[in-house]
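Q: sequence-free structure coming up:
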């Protein structure tokens, strides 16, 4: 029914408004993804999710055509090592120069590659030059995963992701154990928010998806992010405690 599509269209419009007004790809994607996940948990209808994905693709294409910031992010994702012609005043000619917009992503990929299998060791990574200039801007927040991959290597980075997967598995188990519908939706939504946030930032750093500015839960620098993730954990513990008390 048409009225059943109302909430989906409202949330889709709200996320597009966030994207247009603030150019914040990460927040728009996170909010919309959480809504689709909870919509599926509440209705168990894949048709709603499919329609939501179609709306997302349509909105993404429109944003790519109209918003330069989105075009830039897509170009950096597809071609991080692209070069472009710039005018060189000293010679009066055009010269090729590395695209500065993709500098962070390229340096991040180099950092992950330098970590190898076992890593350089905790606290022994190289993230600045001899004169103190940062090799990877925002390494404490957006690119913290590349720093961990260099220091801990493939083994340590994979272990960190396994810890996150364990958190998600336990969160979904809490949702299954909850008795009432509200508690189930709350636990499932909080868990999926944690999982999607992790996927967005790690996928962006590894070039699986376009890079967006989202922190890695419990790891990235930033007080508000840490507080928000501890509130997620507190909500899951509350639902789990109520479910165990009723059992």
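A: Structure's in. What do you need? Since we're looking at a predicted model, the values are computed, not measured.
Q: buried ones in stretch 158-166, by neighbour count?
A: 160, 164 (16 or more other C-beta atoms under 10 Å). C-beta: built from backbone N, CA, C; applies to glycine.
Q: off-centre distance for it?
A: Distance of stretch 158-166 from its chain centroid, counting by C-alpha atoms, centre = their mean, to the nearest Å, is 15 Å.
Q: same question, stretch 104-121
A: With C-alpha atoms, centre = their mean, you get 19 Å for stretch 104-121.
Q: check stretch 178-192 too.
A: That offset, for stretch 178-192, works out to 22 Å (C-alpha atoms, centre = their mean).
Q: just checking, which helix or strand succeeds the helix or strand of the chain with the lowest mean pLDDT along the chain?
A: Lowest on mean pLDDT, DSSP states H and E among the helices and strands of the chain sits strand 93-98, with a mean of 49. Where DSSP states H and E defines the elements, the next helix or strand beyond strand 93-98 is helix 103-115.
Q: helices or strands up against the next helix or strand after that next one?
A: As assigned by DSSP H and E, the chain's next helix or strand after helix 103-115 is helix 144-177. If you count contacts as 3 or more C-beta pairs under 8 Å, 6 or more residues apart in numbering; DSSP states H and E, helix 144-177 packs onto helix 103-115, helix 181-205, helix 223-246.
Q: against which helices or strands is the shortest one packed?
A: Identification of packing neighbours for helix 103-115 by 3+ C-beta pairs under 8 Å, 6+ apart yields helix 144-177, helix 181-205.
Q: contacts for it?
A: Where contact means C-beta atoms under 8 Å, 6 or more residues apart in numbering, the residues beyond helix 103-115 that reach it are 76-77, 80-81, 98, 120, 125-127, 135-138, 142-143, 146-147, 149-154, 157, 205-207, 211.
Q: tell me the SS of residue 208?
A: Here residue 208 is recorded as coil under DSSP: H, G, I helix; E, B strand; the rest coil.
Q: find the nearest non-adjacent residue to it, please.
A: residue 202 (7.9 Å; C-beta to C-beta, 6 or more residues apart in numbering).
Q: count of residues packed around that neighbour?
A: Neighbours of residue 202 under the rule other C-beta atoms under 10 Å: 20.
Q: quick check, it in contact with residue 216.
A: Yes. Residue 202 is within contact range of residue 216, at 7.1 Å (criterion: C-beta atoms under 8 Å).
Q: and residue 168, how far from residue 162?
A: Here residue 168 is placed at a distance of 11 Å from residue 162 (C-beta to C-beta, to the nearest Å).
Q: whoops, I mixed them up, residue 240
A: 21 Å.
Q: ok, residue 71 next?
A: Taking C-beta to C-beta, one finds residue 71 at 36 Å from residue 162.
Q: find the nearest non-adjacent residue to the residue nearest to the spatial centre of the chain, please.
A: In the chain, the residue lying closest to the centroid (C-alpha atoms, centre = their mean) is residue 200, at 2.1 Å. Nearest residue to residue 200, sequence neighbours excluded (C-beta to C-beta, 6+ apart): residue 214, at 5.1 Å.
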